[in-house]
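Student: A structural model of the following input is requested.
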Amino acid sequence: MKTTVFLRRVLCRVSAVVLSAALLLPVQAQAQAPAKKVFGSMAGAAALKPASHGFYSRGCLAGAVAMPFDGPTWQVMRISRNRRWGHPELISTIEELSIRANRGGWNGLLVGDISQPRGGPMLTGHASHQIGLDADIWLTPMPNRRLSYREREDTSAISILKKGTNYVDDRRWNKSYENLLRNAASFPQVERLLVHPGIKKKLCDTVKGDRSWLQKVRPYYGHHYHFHLRIGCPPGSTDCRKQKATTPGTGCDSSLQWWFDVALAPKKPSKKKKDTAKAKPAKPKVITVADLPQSCQAVVSANEKPVQSAVYNARSLSGFVAPQLDLPARFDPMAALASRPIEAGGKPALKAIAAATVAVPDKPQSVYEPITGPIPVPTPRPDR
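Tutor: Below is the predicted model:
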């Protein structure tokens with residue numbers, strides 16, 4: 001165990017040197033540097049007018065603002081990752097959702113990854129979240145107390161699937177989950193909510209009355225311990241590329257069943273003879289800064305926005321006293337590589353937050369271990 005921790009620290013230090021070197025390169029040379037290293041190394045936002053450049057999975061973010069660590073109805077998790085940045089339109093939406101959700105029976109939001117200070121590809125994790133218009137919201141209500149910095153680093157999100165299945169655990173599910181997602185879908189700027197297919201099925205089976213909002217709720221791999229909120233290109237972001245509109249209808253049709261019959265079905269043993277010769281795996285294409293929209297080079301070279309003007313001025317913070325957190329003096333860009341996985345279960349902190357969660361009347365409360373492992377992406381798949 002000690003050897004693993006030591007090797008991780010060595011790796012982080014070596015990577016930090018590489019990232020620092022990348023930032024010292026001339027502009028032309030920097031354009032050819034791996035984009036995830038360049039953007040992953042930046043601790044502050046670009047002092048430019050707020051704008052999202054490119055596409056959700058290939059772009060960058062200018063003039064980002066940071067979600068305050070705490071608000072009356074939210075707490076930011078995994079602070080060390082420094083991924084609480086977004087376009088002001090998105091941060092405003094998250095704040096307003098936290099207020100509406102609280103009124104609808106959800107104690108408050110635990111906010112996960114949003115974007116890096118200047119967007120762009122990340123050192124670990126997401127393919128999207130690059131232009132400050134995506135946010136992960138945990139499917140765990142905010143506890144009735146303020147978590148410490150350390151707790152926010154170590155606490156795990158809780159899957160709402162029944163262990164070993166692709167279906168929601170009915171002991172955990174209740175109306176508050178539906179209300180949360182309904183509230184999130186109610187914003188006109190919200191174009192998509194990505195959830196696990198099991199959650200989508202639960203909504204299809206239980207939502208009564210107006211079901212039109214289900215069109216925005218799209219099934220996708222993972223997303224059983226959080227949901228992914230995505231807004232459209234905001235006004236003024238002329239370089240932002242829109243995503244294709246969602247398929248009309250509720251999505252409660254054969255396209256949903258495909259996920260269970262094909263995408264999430266156990267893989268059958270291949271009948272083909274295994275080739276004993278070990279083929280060299282193809283090297284993945286390295287995305288450079290030059291591969292992003294041209295405007296991203298200006299985002300990289302821009303001055304850093306002053307800290308005092310970089311935090312979003314949330315209206316609900318009036319009269320709210322945020323707790324003192326034992327924060328690092330400056331965020332280490334390598335922290336994302338060493339941080340605890342969001343969904344890892346079985347930790348003492350997970351039990352603590354589960355106990356603080358609002359219990360479902362007349363239903364047993366327990367700790368759930370999420371499904372982990374690599375996520376295959378077969379094609380073709382239904383449009384999302």
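Student: from the middle of its chain, how far away would stretch 200-214 be?
Tutor: How far stretch 200-214 lies from its chain's middle: 24 Å, per Cα atoms, centre = their mean, to the nearest Å.
Student: which regions of the stretch 201-350 of the chain lie under the pLDDT threshold?
Tutor: Counting by pLDDT under 70, the stretch 201-350 of the chain contains low-confidence ranges at 270-279, 344-350.
Student: quick one: the strands in it?
Tutor: Per DSSP state E, counting those that start in this stretch, the stretch 201-350 of the chain carries strands over the ranges 217-219, 226-231.
Student: excluding its backbone neighbours, what's nearest residue 56?
Tutor: Spatial nearest neighbour of residue 56, excluding adjacent residues (Cβ to Cβ, 6 or more residues apart in numbering): residue 128 at 4.4 Å. C-beta coordinates here come from the backbone N, C-alpha and C atoms, glycine included.
Student: what about residue 326, how many neighbours?
Tutor: When counting by other Cβ atoms under 10 Å, one arrives at 7 neighbours for residue 326.
Student: pull the contacting residues for it.
Tutor: Going by Cβ atoms under 8 Å, 6 or more residues apart in numbering, residue 326 touches 148-150.
Student: and it, how far from residue 286?
Tutor: Distance, residue 326 to residue 286, by Cβ to Cβ, to the nearest Å: 37 Å.
Student: ditto for residue 124
Tutor: Shown here: residue 124 relative to residue 286, a distance of 15 Å by Cβ to Cβ.
Student: and residue 55, by the same measure?
Tutor: 18 Å.
Student: neighbour count: those two, which is higher?
Tutor: Legend: neighbour count by other Cβ under 10 Å for residue 55 and residue 286, higher for residue 55 (17 against 12).
Student: and the residue nearest the centre of this protein?
Tutor: By Cα atoms, centre = their mean, the chain has its centre lying nearest to residue 136, at 3.4 Å.
Student: what about the nearest residue to residue 189 once chain neighbours are set aside, how many neighbours?
Tutor: Leaving out its chain neighbours, the residue that sits closest to residue 189 by Cβ to Cβ, 6+ apart is residue 231, at 4.5 Å. By the criterion of other Cβ under 10 Å, residue 231 has 23 neighbours.
Student: for residue 231, give me its contacts.
Tutor: Residues in contact with residue 231, defined by Cβ under 8 Å, 6+ apart, are 89-90, 93, 133, 187, 189-191.
Student: and it, how far from residue 290?
Tutor: For residue 231, the distance to residue 290 - Cβ to Cβ - is 28 Å.
Student: now swap in residue 127 and tell me
Tutor: Residue 127 sits at a distance of 19 Å from residue 290 (criterion: Cβ to Cβ).
Student: neighbour-wise, which of these two wins?
Tutor: Taking other Cβ under 10 Å, residue 127 and residue 290 do not tie; residue 290 has more neighbours (14 against 11).
Student: contacts only, for the more buried one.
Tutor: If you count contacts by Cβ under 8 Å, 6+ apart, residue 290 has them with 31-32, 297.
Student: out of those residues, which one sits closest to residue 101?
Tutor: Relative to residue 101, the closest of these is residue 297; by Cβ to Cβ it sits at 38.6 Å.
Student: for that closest one, grab the count of nearby residues.
Tutor: 18.
Student: that one touches residue 291, doesn't it?
Tutor: No: with contacts counted by Cβ atoms under 8 Å, residue 297 stays clear of residue 291, the gap being 11.0 Å.
Student: count the residues that sit near residue 178.
Tutor: With other Cβ under 10 Å as criterion, residue 178 counts 18.
Student: what are the buried residues along the helix or strand hosting it?
Tutor: Per DSSP states H and E: residue 178 is located in helix 175-185. Under the neighbour-count criterion of 16 or more other Cβ atoms under 10 Å, helix 175-185 has 176-185 buried.
Student: so residue 286 versus residue 94, what's the distance?
Tutor: Distance, residue 286 to residue 94, by Cβ to Cβ: 32 Å.
Student: give the contact list for residue 192.
Tutor: Listed by Cβ under 8 Å, 6+ apart, the contact partners of residue 192 are 216, 218, 228-230, 243, 246, 384.
Student: tell me the most packed of the residues you listed, by neighbour count.
Tutor: Neighbour tally across the contacts of residue 192 (other Cβ under 10 Å): the maximum, 25 neighbours, falls on residue 229.
Student: that one reaches residue 137, doesn't it?
Tutor: Yes: between residue 229 and residue 137 there is a contact at 6.0 Å, judged by Cβ under 8 Å.
Student: find the residues that touch each one of the two.
Tutor: Both residue 229 and residue 137 are in contact with 94, 97, 184, where contact means Cβ under 8 Å, 6+ apart.
Student: now, among those residues, which is nearest to residue 253?
Tutor: Residue 253 lies nearest to residue 184 out of those, by Cβ to Cβ, at 22.1 Å.
Student: quick one: contacts for that closest one?
Tutor: Counting by Cβ under 8 Å, 6+ apart, residue 184 touches 97, 101, 137, 190, 193, 227, 229.
Student: let me know the closest of these to residue 266.
Tutor: Distances from residue 266 to the contacts of residue 184, taken as Cβ to Cβ, are shortest for residue 227 (25.4 Å).
Student: perfect, that will be all.
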